[in-house]
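Q: Okay, sequence plus prediction incoming.
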Amino acid sequence: MQTVRRMDHRRLGRLVLGLASTALAMGYLVMAYNMPHGDLASPGPGMFPLGVGGLWVFASVVVVLEAILSQQDAGDLELPRGFERRQVLVFMGTLVGFIAALPFLGFLIAASVYAAVCLKLLGAYSWLRAGSYGVAMGIGTAFLFGDILALPLPVPGFLAGH
């Protein structure tokens, strides 16, 4: 009879991250399911998020299973230090800022600012160049999701009542 092996730090980290991701993905999937789906001939705004949620749940479950079933030691867990830690924290901070700004600034402005700040802080761009690229990326993503895919995008809070 095989005994249960102790999980090393990396596998335990993947298990915890996989379980947290599965929980978030299930919540996302429930919210996506409550949106109008439409059909293949005329997809509704919930069809794309439903597909993304399904893939997210699948990928998260694969991570959990790999962490549980793997027979190899993955080694010690090494967290980023120095410059790499700064990059991770800047990315996560700007992402949280983007999500928090969506209801107030709307998608177009929040996406433009998010892209510009990421490009400036994570790249080697001047504020002018990062801002220009950020606005172009914001307009491009708003056009793709709002006009081509016909998904409802958040509008600025001060315009929401109009």
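A: Looks like it arrived, so ask away. Numbers count the residues shown, from 1 in each chain.

Q: do you know how far P80 is from V16?
A: Per Cβ to Cβ, to the nearest Å, P80 is found 17 Å from V16. Where C-beta positions appear, they are placed from N, C-alpha and C, glycine not excepted.

Q: now swap in A130 and tell me
A: 35 Å.

Q: Looking at those two, which one has more neighbours?
A: A130 (20 against 12; other Cβ atoms under 10 Å).

Q: CA atoms only for stretch 62-72, dumped as PDB, please.
A: Taking Å, rounded to 0.1, in the frame of the first residue of the first chain, the C-alpha atoms of stretch 62-72 are listed here in PDB:
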ATOM      1  CA  VAL A  62      -5.900  20.700 -14.300                       C
ATOM      2  CA  VAL A  63      -3.500  22.700 -12.000                       C
ATOM      3  CA  VAL A  64      -5.100  21.200  -8.900                       C
ATOM      4  CA  LEU A  65      -5.000  17.600 -10.300                       C
ATOM      5  CA  GLU A  66      -1.300  18.100 -11.400                       C
ATOM      6  CA  ALA A  67      -0.400  19.300  -7.900                       C
ATOM      7  CA  ILE A  68      -2.200  16.300  -6.300                       C
ATOM      8  CA  LEU A  69      -1.200  13.600  -8.700                       C
ATOM      9  CA  SER A  70       2.400  14.600  -9.600                       C
ATOM     10  CA  GLN A  71       5.000  12.100  -8.200                       C
ATOM     11  CA  GLN A  72       7.900  14.500  -8.800                       C
END
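
Q: Pull out the buried positions in it.
A: Using 16 or more other Cβ atoms under 10 Å as the burial criterion, the residues of stretch 62-72 that qualify are V63, V64, A67, S70.

Q: Which residues are in contact with the spatially closest residue to the second one that is not a sequence neighbour?
A: Put plainly, it is V64. In space, V64 comes closest to G18 once its chain neighbours are excluded; the distance is 3.8 Å by Cβ to Cβ, 6 or more residues apart in numbering. Contact partners of G18, counting by Cβ atoms under 8 Å, 6 or more residues apart in numbering, are S60, V61, V63, V64, E66, A67.

Q: what's G18 sitting at in phi/psi?
A: The phi/psi pair for G18 (degrees, to the nearest 10) reads phi -60, psi -40.

Q: now do Q71
A: Per degrees, to the nearest 10, the backbone of Q71 is at phi -100, psi -10.
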